[in-house]
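Peer 1: pasted the sequence and its predicted model underneath.
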Amino acid sequence: MQRLSRRALLPTGLRLSWRLLRCTGWGGSWSRDISQQAGATMRLVQFQTSSAGPRIGLEEKDGGNVIDLKAFDPSLPSSMREFLEKGESALVIARRAQESGQHILLRSEVTLLAPVTNPDKVICVGMNYADHCLEQKVKIPEEPIIFSKFASSIIGPYDEIIHPPESSEVDWEVELAFVIGKKGKHIKESAAMDHVVGFMVAHDVSARDWQMTRNGKQWLLGKTFDTFCPIGPAIVTKDSVSDPHNLGIRCKVNGELVQNSSTNQMIFKTQMLVAWVSQFVTLYPGDVFLTGTPPGVGVFRKPPMFLKRGDVVECEIDELGTIRNKVV
């Protein structure tokens, strides 16, 4: 008779716990097991209240109440970057807090901040949607086009975008973002997801005059004005996302749908981007990647259309949520 292993004799739920205890990193097996065991989406946020903040928490659902993680475990740090630096042990505590049903704050009592406010790097990818390349009548890139934003451009999911007086061509770009959870250099594609903690919505606000005409047509200044990088509303952990490369992605301006595509149009996927960029720079917990935008941006409309003060921009990605920012 074939002898069954001790693990095989365990009930299914305990077998999941067995695998969880044996795991040692941010890898896919660990994240999938903890998700299946708990059976709940994990949405990491930074928030503040009238009496405290900033702090880290868990959003029960998109637009839902918030679990105060530091109230659950005072040993946890107050910032997302420090939380991510603690690695898997911090996520295990967060999952326990989620299951406890304790320290829940009403959504009306909290203000959501950007999920990450002080990353070492904000790494952006240009021309990364096949349908966006067609819109511009340009060839699909053979290698990722990489640029950056300064961390000072980051704002929260409902904060105001400041229209700079230096630009008359401020444009919208909804983007899928992902956040690094584990330090790495020269990361292989096969191990790339071990270094990603989760995904969120981003808005790559762009001053087209500075990006396309001025400053030698270098992109940096046109992309990195203060407030030009709204992100949020939460970091949805990778185990909670069905397929980050097959999600509906949309942008509305004053309620009008201006971008409507799918992340399946991405040319370079998350794993390739992590491997590519880590050839050049060390990736650190909290680093943010913006992965490109689909067609429908204002500059390529006929006639071109740009944001003006008073406009409201909504960027939405299935399973991740919506960020909503007014231009002032």
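Peer 2: Nice, I can see it.

Peer 1: okay, now Arg214: neighbour count?
Peer 2: Counted by other CB atoms under 10 Å, the residues lying close to Arg214 total 15. Placement of C-beta: from N, CA and C, glycine included.

Peer 1: contact partners for it?
Peer 2: Applying CB atoms under 8 Å, 6 or more residues apart in numbering, we find Arg214 in contact with 221-222.

Peer 1: so how far is Asn65 from it?
Peer 2: Shown here: Arg214 relative to Asn65, a distance of 46 Å by CB to CB, to the nearest Å.

Peer 1: so what's the residue nearest to Val277 when sequence neighbours are not counted up against?
Peer 2: Nearest residue to Val277, sequence neighbours excluded (CB to CB, 6 or more residues apart in numbering): Ile123, at 5.8 Å. By CB under 8 Å, 6+ apart, the contact list for Ile123 reads 146, 148, 277, 287-290.

Peer 1: would you list these in CSV and tack on secondary structure?
Peer 2: Formatted as CSV, those follow (DSSP: H, G, I helix; E, B strand; the rest coil):
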residue, secondary structure
Ile146, strand
Ser148, strand
Val277, helix
Asp287, coil
Val288, strand
Phe289, strand
Leu290, strand
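
Peer 1: out of these, who's nearest Gln265?
Peer 2: The shortest approach to Gln265 among the contacts of Ile123 belongs to Leu290, at 15.2 Å (CB to CB).

Peer 1: what sits up against stretch 146-157?
Peer 2: Contacts for stretch 146-157 (CB under 8 Å, 6+ apart): 111-114, 116-119, 121-126, 161, 201, 204-205, 219-220, 223-233, 276-277, 288, 290, 321-325.

Peer 1: list only buried entries from the contacts of Ile123.
Peer 2: Buried members of the contacts of Ile123, counted by 16 or more other CB atoms under 10 Å: 277, 287-290.

Peer 1: and the helices in the stretch 51-200 of the chain?
Peer 2: For the stretch 51-200 of the chain, the helices defined by DSSP state H, counting those that start in this stretch cover 69-72, 80-85, 88-100, 130-136.

Peer 1: who wins for proximity to Glu59 among those helices?
Peer 2: For the helices of the stretch 51-200 of the chain, proximity to Glu59 was assessed by CB to CB; helix 88-100 is nearest, at 10.3 Å.

Peer 1: buried residues, that closest one. List them.
Peer 2: Counting neighbours by 16+ other CB under 10 Å, one finds that the buried residues in helix 88-100 are 88, 90-91, 93-95, 97-98.

Peer 1: could the residues you listed go into JSON lines alongside pLDDT and distance to Gly53?
Peer 2: Shown next, in JSON lines, are the buried residues of helix 88-100 (pLDDT from 0 to 100; distance: CB to CB, whole Å):
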{"residue": "Glu88", "pLDDT": "95", "distance to Gly53": "26"}
{"residue": "Ala90", "pLDDT": "97", "distance to Gly53": "19"}
{"residue": "Leu91", "pLDDT": "96", "distance to Gly53": "21"}
{"residue": "Ile93", "pLDDT": "97", "distance to Gly53": "19"}
{"residue": "Ala94", "pLDDT": "97", "distance to Gly53": "18"}
{"residue": "Arg95", "pLDDT": "96", "distance to Gly53": "23"}
{"residue": "Ala97", "pLDDT": "97", "distance to Gly53": "17"}
{"residue": "Gln98", "pLDDT": "96", "distance to Gly53": "20"}
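
Peer 1: redo those as JSON lines? Include distance to Pro141.
Peer 2: As requested, those are exported to JSON lines (distance: CB to CB, whole Å):
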{"residue": "Glu88", "distance to Pro141": "35"}
{"residue": "Ala90", "distance to Pro141": "36"}
{"residue": "Leu91", "distance to Pro141": "34"}
{"residue": "Ile93", "distance to Pro141": "41"}
{"residue": "Ala94", "distance to Pro141": "37"}
{"residue": "Arg95", "distance to Pro141": "39"}
{"residue": "Ala97", "distance to Pro141": "42"}
{"residue": "Gln98", "distance to Pro141": "40"}
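
Peer 1: surely Gly184 touches Thr282?
Peer 2: Yes - applying CB atoms under 8 Å, one finds Gly184 in contact with Thr282, separated by 7.2 Å.

Peer 1: those two: which is more packed in?
Peer 2: Using other CB under 10 Å, the more surrounded residue of Gly184 and Thr282 is Gly184, with 20 against 14.

Peer 1: partners of the more buried one in the sheet?
Peer 2: Leu283 (DSSP bridges).

Peer 1: for Gly248, give me its contacts.
Peer 2: By CB under 8 Å, 6+ apart, the contact set of Gly248 is 260-262, 316-318.

Peer 1: try it again with 6 Å
Peer 2: Applying CB atoms under 6 Å, 6 or more residues apart in numbering, we find Gly248 in contact with 262, 318.
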